[in-house]
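Q: Sequence and predicted model, in that order:
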Amino acid sequence: MLKIEHIGIAVSNLEASNRLFTALLGNSPYKTEEVASEGVHTSFFQTGDSKIELLEASNPESSIAKFILKKGEGIHHIAFSVEDIKAEMKRLSEQGFILLSDEPKIGADNKLVCFLHPKSTNGVLIELCQEII
Ligand code: ZN
């Protein structure tokens, strides 16, 4: 894995949280994007080399809606940047980590992504992401 690419934070109200994180970080989100397949509205903030992704549920069935019901707002996942997502998925599944999809999916911010089940990673949802060139 190359680095922590971003930290995902589940929020109830993206507009309000965009204002809060703009005030906190001193800069506005560089993009907002809906990922319909995941049922989320997202926004991304750049802070130096790292990013913060805010995620709001776009429907009640969204995993973000369920997360907030169970745990409230807060850190939702940590995303690691990888060079070759398929190779990393193979390596990690061979080591017993539980992947949430068999193939990489198209995620937010122009990335191929795959999530690891928190059950196999000490309760932390891990996202692998590879830049789509
Ligand atoms: Zn993410």
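A: Looks like it came in fine.

Q: Which per-residue confidence value corresponds to L99?
A: At L99, the model reports a pLDDT of 98.

Q: which residues of this protein fall in strands?
A: Ranges of strands within the chain are 3-10, 31-35, 40-47, 50-57, 74-81, 105-107, 111-116, 126-131, based on DSSP state E.

Q: Just put those in CSV and tack on mean neighbour count and mean pLDDT.
A: Yep, even glycine has a C-beta here, placed from its N, CA and C like the rest. Below are the strands of the chain laid out as CSV (neighbours: other CB atoms under 10 Å; pLDDT from 0 to 100):
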stretch, mean neighbour count, mean pLDDT
strand 3-10, 18, 97
strand 31-35, 15, 94
strand 40-47, 20, 96
strand 50-57, 21, 97
strand 74-81, 17, 97
strand 105-107, 17, 91
strand 111-116, 21, 96
strand 126-131, 21, 97
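
Q: how about CSV for those strands, with distance to K90 added?
A: Output for these, formatted as CSV (distance: least, CB to CB, whole Å):
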stretch, distance to K90
strand 3-10, 20
strand 31-35, 25
strand 40-47, 27
strand 50-57, 26
strand 74-81, 15
strand 105-107, 16
strand 111-116, 11
strand 126-131, 11
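
Q: Turn the ones you listed into CSV, columns for distance to the ion.
A: Converted to CSV, these look like this (distance: least, CB to the ion, whole Å):
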stretch, distance to the ion
strand 3-10, 4
strand 31-35, 9
strand 40-47, 8
strand 50-57, 5
strand 74-81, 4
strand 105-107, 7
strand 111-116, 7
strand 126-131, 5
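
Q: Mind checking the ones you listed for the one nearest to A16?
A: strand 50-57 (9.7 Å; CB to CB).

Q: so which of the strands of the chain comes closest to L99?
A: strand 111-116 (5.9 Å).

Q: Using CSV, list the CA coordinates for that closest one.
A: Extracted C-alpha coordinates of strand 111-116, given in CSV (Å, rounded to 0.1, in the frame of the first residue of the first chain):
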residue,chain,number,x,y,z
LYS,A,111,-11.0,5.6,-8.3
LEU,A,112,-11.4,1.8,-8.5
VAL,A,113,-12.2,0.7,-5.0
CYS,A,114,-12.7,-2.4,-2.8
PHE,A,115,-13.6,-2.6,0.8
LEU,A,116,-12.4,-5.0,3.5
